[in-house]
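S.K.: here's my sequence, what's the structure:
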Amino acid sequence: MTWTERRARCLAGRLAIWAALPLACLLLVAQPGTAEARKYPKIFGSVELPSKNLKKFPKWLDMVGRWKNGQPCESDTCTVKGWQGLVDKLKGMDRLSQIKEVNSLLNSKKYIIDMKNWGLEDYWATPYQFLKKNGDCEDYAIAKFMVLKAIGVPIEDMRIVALQDLNLGVGHAVLVVYDGDNPLLLDNQIKSVVPANTVKHYQPVYSINENGWWLHRK
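M.R.: Here you go, the predicted structure:
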C-alpha cells in the first residue's frame, strides 16, 4: 500500500466528519457574542465565522487537557527527550526564522497512521507522544503549535486548520501562523514554509486554537 493510499484510508472517516461539520454548526457560530476584535486575513480564499464554543471538538479538548495536566513523561508512549533542546534552540531567533525552523525540524518525523500507532482511527497526540511515536497530519500541526507557543508566539497568531486536499480527495490538517497579515502554511506535506494562499488545492473546513474556532465557507 502506498503512502497516499495509507493516508487516504486513515483520513477517510475524518473527511466525512469534517464535510458534515458546517451543516451541524451553522447555528452555533451564529450565536451572539462570537464576534472578535481582530480581523484576520482570508486563508485559502475562504470566509470564516468565529465561535468561542469549543465543546464540539472533544479530541482537541482532550489533547489540550492531557498536555496541560500531564507531567513530563518517559514511557513507551511518551517522552520529553528533545523537547527542551528544541525550545532552547529556537529562542533568540526572529519570528520568521523560528517558524521555518519548527516546520523543518518537526517535518523530519516519520508519518504513521493512528491505527498503527494507537489502534484508533483518529487520535490527537500530545507533542510528547509525537516525539516518542511520530504521528499523522494533525499531530505534526499540534506539535508545531505547542512548540511555537512555548517560545512565545501568541495563541491568537496560530490555528490548526482541518481541510480537504482537493488533489488527493482526502482530509488533512496543517498549521497556519499569521506573520502580521501574512498567513504562513506549516505543512508536513510541503518541505518549506509558504504563504498559505499560494496553495490552491486546499479547501478549509474549520480552524481551531485554544481560544476558539472558525467555520470556513467558500
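S.K.: tell me which element residue 144 falls in.
M.R.: Taking DSSP states H and E as the criterion, residue 144 maps to helix 137-150.
S.K.: list the buried residues for that helix?
M.R.: 137-149 (16 or more other CB atoms under 10 Å). C-beta: built from backbone N, CA, C; applies to glycine.
S.K.: export those residues to CSV and append columns for distance to residue 111 and pLDDT.
M.R.: As requested, the buried residues of helix 137-150 are exported to CSV (distance: CB to CB, whole Å; pLDDT from 0 to 100):
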residue, distance to residue 111, pLDDT
137, 8, 97
138, 12, 97
139, 9, 98
140, 8, 98
141, 13, 98
142, 14, 98
143, 13, 98
144, 14, 98
145, 18, 98
146, 19, 97
147, 18, 97
148, 21, 97
149, 23, 97
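S.K.: quick one: which of those residues is nearest residue 125?
M.R.: residue 139 (4.6 Å; CB to CB).
S.K.: contact partners for the closest one?
M.R.: 124-125, 129-130 (CB atoms under 8 Å, 6 or more residues apart in numbering).
S.K.: restricted to helices, list those.
M.R.: In helices, defined here by DSSP state H, the members of the contacts of residue 139 are 129-130.
S.K.: including distance to residue 193 and pLDDT, could the contacts of residue 139 go into a markdown table?
M.R.: Formatted as a markdown table, these follow (distance: CB to CB, whole Å; pLDDT from 0 to 100):
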| residue | distance to residue 193 | pLDDT |
| --- | --- | --- |
| 124 | 23 | 97 |
| 125 | 22 | 97 |
| 129 | 24 | 97 |
| 130 | 19 | 97 |
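S.K.: drop anything exposed from the contacts of residue 139.
M.R.: Of the contacts of residue 139, these count as buried by 16+ other CB under 10 Å: 124-125, 129-130.
S.K.: and the helices in this protein, which stretches?
M.R.: So, for the chain - with DSSP H - the helices run 3-29, 58-69, 83-90, 95-107, 114-118, 127-133, 137-150.
S.K.: mean pLDDT lowest where, among those?
M.R.: Across these, helix 3-29 has the smallest mean pLDDT, namely a mean of 46.
S.K.: longest strand in the chain, by number of residues?
M.R.: As assigned by DSSP state E, the longest strand anywhere in the chain is strand 170-179.
S.K.: give me the buried stretch members for it, please.
M.R.: Quick answer for strand 170-179 (16+ other CB under 10 Å): 170-178.
S.K.: which one of those residues sits closest to residue 83?
M.R.: residue 175 (17.4 Å).
S.K.: what residues are up against the closest one?
M.R.: So residue 175 contacts 140-141, 144-145, 158-161, 185-187 (CB under 8 Å, 6+ apart).
S.K.: and those residues as CSV, adding distance to residue 217?
M.R.: Shown next, in CSV, are the contacts of residue 175 (distance: CB to CB, whole Å):
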residue, distance to residue 217
140, 26
141, 21
144, 26
145, 23
158, 21
159, 16
160, 18
161, 14
185, 20
186, 23
187, 22
